[in-house]
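Colleague: Dropping a prediction and its sequence here:
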Amino acid sequence: MIHLFAVFMGMQTAAMLLFKYGSAHPSRWLPSFILANVIGITSTWILMVIYKQLNVNVAMGVAMGGSFLVSQITLALVFRNALSPLQLLAILAIGGGMFTLCLGARV
């Protein structure tokens, strides 16, 4: 199961990187936009597979929260954007929320 989450988060992060990369220069906009959307739409199929195997509330929270966190951290590292202490606190809060969501899941 964890590998499905990892693939979903990786694909979502790749799509976000392509959106940012494409926004940096007009000639890269369209190819980056198209490729990012192909990756993003394809990752939706993986999310649907996860939904079949796990409580939908937990699946959505972990998949979307995790992909948001991984994307934020990756974008900050790749494009050298420093995160403020408040942004780092928000990342920890989201991670804590995801953890709490998993603890409260019905099996």
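Modeller: That came through, no problem.
Colleague: Just give the number of residues close to residue 13.
Modeller: 23 (other Cβ atoms under 10 Å). Placement of C-beta: from N, CA and C, glycine included.
Colleague: Can you name every helix or strand that the longest helix along the chain contacts?
Modeller: Longest helix in the chain, counting residues (DSSP state H): helix 26-53. Judged by 3 or more Cβ pairs under 8 Å, 6 or more residues apart in numbering; DSSP states H and E, helix 26-53 is in contact with helix 2-23, helix 56-78.
Colleague: how about those helices, which one is nearest residue 44?
Modeller: Minimum separation from residue 44 across those (Cβ to Cβ) falls at helix 2-23, 8.9 Å.
Colleague: Quick check: closest non-adjacent residue to the residue most central in space within the chain.
Modeller: With distances taken as Cα atoms, centre = their mean, residue 67 lies nearest the centre of the chain, 1.7 Å away. Of all residues not flanking residue 67 in the chain, residue 12 sits nearest, at 3.7 Å (Cβ to Cβ, 6 or more residues apart in numbering).
Colleague: Can you lay out the helices and strands packed on helix 26-53 as JSON lines showing distance to residue 93 and mean pLDDT?
Modeller: Formatted as JSON lines, the helices and strands packed on helix 26-53 follow (distance: least, Cβ to Cβ, whole Å; pLDDT from 0 to 100):
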{"stretch": "helix 2-23", "distance to residue 93": "18", "mean pLDDT": "95"}
{"stretch": "helix 56-78", "distance to residue 93": "10", "mean pLDDT": "93"}
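Colleague: Any chance of those helices in JSON lines with distance to residue 86 as columns?
Modeller: Shown next, in JSON lines, are these (distance: least, Cβ to Cβ, whole Å):
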{"stretch": "helix 2-23", "distance to residue 86": "21"}
{"stretch": "helix 56-78", "distance to residue 86": "13"}
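Colleague: Compare the ones you listed and give me the one nearest residue 87.
Modeller: Comparing the helices and strands packed on helix 26-53 by Cβ to Cβ, helix 56-78 comes nearest, at 7.9 Å.
Colleague: got the angle for the closest one vs helix 2-23?
Modeller: 50 degrees (axes from the mean of the first three to the mean of the last three Cα atoms, to 10 degrees).
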